[in-house]
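Q: below are the sequence and a predicted model for it; my questions follow.
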Amino acid sequence: MTIAMTERAAQEIQRVKEEQKLDDQMYLRVGVAGGGCSGFNYRLGFDKEFDDKKDSKYDCHGVQVVTDKKSALYLDGTTIDWFENVERRGFTFDNPNAARGCGCGSAS
């Protein structure tokens, strides 16, 4: 199982870590939670904790990404990207497991 991140997204994560003066040992935790209009919401946040038994870990362009093993089942093959234009900016998730999605960032 894998989660990938574009170099552009990794650069944005590194920028945020530097801006917030976060320790280099902080992981980017990626997960899914129930809710949203399509069934799931993606979650991103920084976390100090990693449990080898409960979590999976990936290195994406120097960013240590962790996810709980349950979320990893839904995120397998997902690529996280950073999108920015005049109208909006944010992380996008290209998830081959999502049957449908919507503009709010949810997936099913």
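A: Ah, there it is. Given the structure is predicted, the values throughout are model-derived calculations rather than measurements.
Q: hey, which helix is longest across the protein?
A: For the chain, the helix that runs over the most residues, judged by DSSP state H, is helix 7-19.
Q: what mean pLDDT does the helix or strand that it is followed by have?
A: Sequence-wise, the next helix or strand downstream of helix 7-19 (DSSP states H and E) is strand 27-34. Per-region confidence: strand 27-34 scores 92 on mean pLDDT.
Q: then stretch 93-108?
A: Per-residue scores along stretch 93-108 average to 65.
Q: what about the residue located most distally from the centre of the chain, which helix or strand?
A: Residue farthest from the centre of the chain, counting by C-alpha atoms, centre = their mean, is residue 86 at 22.9 Å. Using DSSP H and E, residue 86 maps to neither a helix nor a strand.
Q: tell me the backbone dihedrals of it, please.
A: phi -60, psi -30 (degrees, to the nearest 10).
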